[in-house]
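# Here is a sequence together with a model predicted from it:
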Amino acid sequence: MLLIYTQKVTTRFTYVFKHMLFRILGLDIAFTSVLEEFVGHNGPKMSYGKQSLANELFVQEFGLLSQQGIEDITIQVKNWETVPAFFATSEKSAIPFDVFSAAFYLLSRYEEYLPHVRDAKGRFPASESIAFQNEFLELPVIDIWAYKIGKLLTETFPAITIPKKKVIIHNLLHVQRPFLYNQKGMFRSVMGYANDLSKLKFKEVFKRTQVLLGLRKDPYDTFTWVVNIVKRSTSKMTAFFLLGENEMYQDSLNTHRKAFRQLVKYVGDYKEIGLLYSGSSLEKFEILRKEKKRMEQITNRTLVSSKQANFFLDLPENYRNLIELEIAKDFTMAYHDTPGFRAGTCTPFLFYDLDFEIKTPLLLHPIAVTTTALTSLPDHEIEKKVHQLLAQTKLVNGTFSMVFRNEDFMGEDENIIWRTLFSEILQQYE
C-alpha cells in the first residue's frame, strides 16, 4: 500500500489522486493528514505539500487542490521531459510540475466554468481549451503523467509494482436518424417529396419511392450489418438512440411506431442500448425524465448510459440532471468536430461538481474522435489519425472510444473507410 500525506485531505485531493494512482495505475493507496502516522509508516509513501518530510517521494503542491470555488488562473504550459505540463514547482519536488492540480483542472473541466466564447449552438469549442491552444489535445496527458509518476514510485520503492492492464475498445453508435425515408409518417414524407422536387432531385424522389414501396432497403438502415459485426467481436459497443425531436422537423420520426421499437430491441439483444437525449430535454428536466422512462419501457432494462445528441454540455446542470435520474454513465465528453481528449484522459472518470465541491457517482467516458470530426480528411489521413489516437491510448492502457453514425455505413464508396475502421481495425485491435 502507498500511503500519501497532505496537511489537509480535501475532496479535490482524494478525487484526483484516486483517478491517477488507483483508476489509471491500479495502485492500492491510502491518505493521512496525521504526521506521526506518516512518519511511522515503513512502506512506500508520498507527501504532497509545501515541503518534504523524510524518506518519501515528495510532490510540491501548486495550491489548486486546497482551494474552493472557481477563479481565473494564469497557466503556462512547458515540457516535463517530452510531455506538456503546467503548474510548475521548485527543484525541491520530485516532479517539476504539480500534475495533480493540472489533472484536476482538466478533469473537472475548470476552464468550461470560466467565461468563454461559445459556438453557434452554445457549445464550448475545442479552440477555447488550453489543450488545443497548447497542442496537446490529442495526448491523454493525465494518463501519461500518471505512468511517469508510477515509474518514479517503482524506482524509489522497488516493492511497488504497477498492475498490467489492456487497452479497451468501446465503440459508440450514434443513431439520431435511423431511417432516411422510412417511418416518417405521411406529412413528413410529403414534405420530403416537395423539398426534393423543388431542388430537382429526381434521383432522390425515385429512391424514396422505392423505399416506401418496399422495393429497396432504407439507406440509413445499416443495423443488420452492424449486428453481424458485433456478434463476432469481443469489443464493447453501446448504441445510442434518439427518442426526442430532431433539430430539423423533417428528420424526426415517430419513435412510438412498432418498427422503431423492434429496431432498438434487435440491437439491444447483442449490445448495450443508451439514450441519445435531445435538445428539448436540456431545457426541461421532465422531458429528459420521460425520454429515460420510454427507453426503459422499450428495452425492459434500467437505462445505464446516455449521450447528448449534439455534444452540448452546460456544466454542471446537464450532469446534475443525469445524476438525479440515476443514470450511471455519460458519453458526451468529446468535441464533435475536433479529435482529442477533451478532459485530458482516456480513462473513464467521475464527474466532479465544482459548484458543490463534491465527487459525484456519474462516470464520464472520454471519446477520442467522432466520424464528423474527420470527414474533411482523405481516407488515408483518417486512418492515420485514428491509429495515432489508438497508439496513444495503448501506451497508457486506456479506453479508446470512437463515435460512428448508422449512416456512416451506407454502401457508397466514400463510406468504405468507416466500415473498415468499425469492422476491422476497431474490432480486432490489441
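Yep, that arrived.

# Isn't Ala102 up against Trp145?
Yes - counting by CB atoms under 8 Å, Ala102 touches Trp145, with 7.5 Å between them. Using the backbone N, CA and C atoms, a C-beta is placed for each residue, glycine as well.

# Tell me how many other residues surround Asn182.
Using other CB atoms under 10 Å, Asn182 has 20 neighbouring residues.

# which SSE is it in?
Under the criterion of DSSP states H and E, Asn182 resides outside all helices and strands.

# wait, isn't it in contact with Asp218?
Yes - assessed by CB under 8 Å, Asn182 is found in contact with Asp218 at 4.5 Å.

# Identify the contacts common to Ala102 and Trp145.
Ala85 (CB atoms under 8 Å, 6 or more residues apart in numbering).

# Just give me how far stretch 17-28 sits from the chain centre.
Centroid separation between stretch 17-28 and its chain, computed with CA atoms, centre = their mean, to the nearest Å, is 19 Å.

# mind exporting it as CSV, just the C-alpha atoms?
Written as CSV, here are the backbone C-alpha positions of stretch 17-28 (Å, rounded to 0.1, in the frame of the first residue of the first chain):
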residue,chain,number,x,y,z
PHE,A,17,-5.2,11.1,-6.5
LYS,A,18,-7.7,8.3,-6.8
HIS,A,19,-8.1,8.8,-10.5
MET,A,20,-4.4,9.0,-11.3
LEU,A,21,-3.0,6.4,-8.9
PHE,A,22,-5.9,4.0,-8.5
ARG,A,23,-8.1,4.2,-11.7
ILE,A,24,-5.2,4.6,-14.1
LEU,A,25,-2.3,2.8,-12.3
GLY,A,26,-4.3,0.4,-10.2
LEU,A,27,-2.3,1.1,-7.0
ASP,A,28,-3.6,0.4,-3.5
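
# Just the buried positions in it, please.
17-21, 23-25, 27 (16 or more other CB atoms under 10 Å).

# What about these, which are in helices?
Of the buried residues of stretch 17-28, the ones assigned to helices by DSSP state H are Phe17.

# Quickly name whichever of the buried residues of stretch 17-28 is closest to Val59.
The nearest member of those to Val59, counting by CB to CB, is Phe17 at 10.1 Å.

# thought that closest one was touching Leu25?
No - using CB under 8 Å, Phe17 is not in contact with Leu25, being 10.6 Å away.

# you'd agree Ile75 is up against Ala131?
No - in this structure, Ile75 is not within contact of Ala131 by CB under 8 Å, at 10.9 Å.

# Of those two, give the one with the bigger neighbour count.
Between Ile75 and Ala131, counting by other CB under 10 Å, Ala131 is the more crowded of the two (23 against 13).

# Against Lys166, how distant is His387?
His387 sits 18 Å away from Lys166, going by CB to CB, to the nearest Å.

# quick check, distance from stretch 296-306 to the centre of its chain.
Relative to its chain's centre, stretch 296-306 lies at 20 Å (CA atoms, centre = their mean).

# Flag every buried residue along it.
By 16+ other CB under 10 Å, the buried positions in stretch 296-306 come out as 298-299, 303, 305-306.

# In CSV, list those along with secondary structure.
Below are the buried residues of stretch 296-306 laid out as CSV (DSSP: H, G, I helix; E, B strand; the rest coil):
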residue, secondary structure
Ile298, helix
Thr299, helix
Leu303, coil
Ser305, strand
Ser306, strand
